[in-house]
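S.K.: Let me see the structure of the following:
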Amino acid sequence: MVLIPHTPIEQVDPPKSPKETLPTMYDLPSEDPEEPGLPDEFHDLQPQLLSRTLRLTDYSRENCFTASGLNLYYDVKHPLWHKRPDWFLVVNVPRLYEGTDLRRSYVSWQEGQHPYVVVEFLSPGTESEDLGRFYNESSNKADDVDRVEEIETTRLTRQNPPSKFEVYEEYLRVPHYIIYSRYTQQLRHFKLDGGRYLEQSQNSNNPRIWLADLKIGLGIWSGVFEDVPSHWLRWCDREGNWLLTDTEQAQAQLRQAAQNLLATGMEVSQIAEILCLSAEQVQAFFQREMH
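M.R.: Residues are numbered from 1 along each chain as shown. Next up, the predicted model:
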C-alpha cells in the first residue's frame, strides 16, 4: 500500500472538523495490494443480487448507497485504517459522492453517515475476523459489561487495526451486522443494543431476518441468478415475497402485457410482433404461468 503523507493542519478556534482536516477519498488508497481481487465468483454475484433486489420504503435509490469490496475508512485517529465489507448499505447519503462523483472508497468522516447494514460472507479463513467474540460462542453478559468499560480506553491506546467485528460494533456502530455462510446456509443477525451486538433468534428451518426500522426482510432463496443455481441471500417483504431484480421486473411487465393481449383473442405471432419478442419467448411466458 502506498502511504499518503498527511500534513497536520494548524488548529484554529473553534477547531476545524475532521471533514475539513483529514484526508478525503481522493487522497486515500482505493486498493490494497495485499487483498487482490475477489475471493471467488460468489463474492461477485451475491452483492449484485443484494443491491438489485433492495427496495426501501423510506429511501429512494438517490438517497442511499450500496457497495461491496470498497475500502471503508472508519477512524479519524488512524485515517489509513480501513476494512472492505463484502456488502454494505448506507442511508441518508446521495447515491453519488457529493451528488456528482462515483466513490473510490467510503470515508466515514467525509460522508457524515456510517453504514446501516453490513453483510459478510463467511468462509473458513475469515470466521474469527467476522465473528469476533461470537467465534467460539463464549460470550456472556458479565464479560460484555466489563468490556464496555474498556472500549474507549482500548481505542485510544490501540496500535494495530481492530478486527471487522470490532470496527462494525465499536467504531462505526452499525445497527445491523449480518453474516451468511453459503457452505452451511447459516444466516446470523447481530443487532446493536446498548452499544453491543446481540444475536437475534430466528427459525432455523426457514431463516428470515426482518429489519423493522428499514421495513424490509432478508432470507435464503434457492434459485438461479445470472445462470447460476445456488442458495442466495435475497431481500423480501413482510409477507416473505421475494423482491425482484430490475431484469425480473421487466420480464414480469412483458409477461403481463402478453397475457393482456392474449385475453383479447390476439394470436401469439401478433403478440410477439407488438412486444418485439420471438414467438418462442411469448410461448415460454404462458408455459411458465401454467407451471
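S.K.: Name the nearest residue to Leu131, ignoring sequence neighbours.
M.R.: Take Leu131 and drop its neighbours on the chain: the residue closest to it by CB to CB, 6 or more residues apart in numbering is Phe165, 6.4 Å away. Heads up, the C-betas are built off the backbone N, CA and C, glycines and all.
S.K.: Check Ala67 too.
M.R.: Looking at Ala67 with CB to CB, 6+ apart, the closest residue is Phe88, at 6.1 Å.
S.K.: how close does Tyr171 sit to Lys83?
M.R.: For Tyr171, the distance to Lys83 (CB to CB, to the nearest Å) stands at 9 Å.
S.K.: neighbour count winner among the two?
M.R.: Set Tyr171 next to Lys83 and count neighbours by other CB atoms under 10 Å: Lys83 wins out with 22 against 19.
S.K.: Contact partners for the more buried one?
M.R.: 71-72, 74, 164, 167 (CB atoms under 8 Å, 6 or more residues apart in numbering).
S.K.: Please repeat the previous calculation with a cut-off of 10 Å.
M.R.: For Lys83, the contact set (CB atoms under 10 Å, 6 or more residues apart in numbering) comprises 70-74, 118, 120, 129, 161-164, 166-168, 171-172.
S.K.: how about the strands in the stretch 1-150 of the chain?
M.R.: 64-67, 72-73, 82-83, 87-91, 106-107, 117-121 (DSSP state E, counting those that start in this stretch).
S.K.: Just checking: what are the partner strands of the third one?
M.R.: Okay, so that is strand 82-83. strand 72-73 (antiparallel) (DSSP bridges).
S.K.: what does the partner strand rub up against?
M.R.: By CB under 10 Å, 6+ apart, strand 72-73 touches 22-25, 28-29, 79-85, 88, 90, 105-111, 114-115, 118, 164, 167-168, 172.
S.K.: can you rerun that using 8 Å?
M.R.: 28, 79-85, 88, 105-109, 115, 172.
S.K.: Likewise for stretch 218-233?
M.R.: 41-42, 45-46, 48-50, 119, 178, 180, 182, 185, 187, 206-209, 211, 234-236, 240, 242.
S.K.: Restricted to buried residues, select these in PyMOL.
M.R.: To isolate the buried members of the contacts of stretch 218-233 in PyMOL, using 16 or more other CB atoms under 10 Å:
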select buried, resi 42+45+46+49+50+119+178+180+182+187+207+209+211+234+235+236+242
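S.K.: I'd like the mean pLDDT over stretch 102-122, please.
M.R.: The pLDDT scores in stretch 102-122 average 96.
S.K.: try stretch 23-35
M.R.: 73.
S.K.: Kindly report the same for stretch 42-52.
M.R.: Per-residue scores along stretch 42-52 average to 96.
S.K.: roughly how far is it from the heart of the chain?
M.R.: The chain centroid and the centroid of stretch 42-52 are separated by 9 Å, computed with CA atoms, centre = their mean, to the nearest Å.
S.K.: Do a quick rundown of the helices in the stretch 1-150 of the chain.
M.R.: 18-21, 42-53, 108-111, 127-131, 141-157 (DSSP state H, counting those that start in this stretch).
S.K.: ugh, typo on my part, it should be the stretch 151-291 of the chain
M.R.: 164-166, 246-263, 268-275, 279-290.
S.K.: one step back: I'd say the residue nearest to Leu131 and Gly132 touch.
M.R.: Yes: counting by CB atoms under 8 Å, Gly132 is a contact partner of Phe165 at 2.8 Å.
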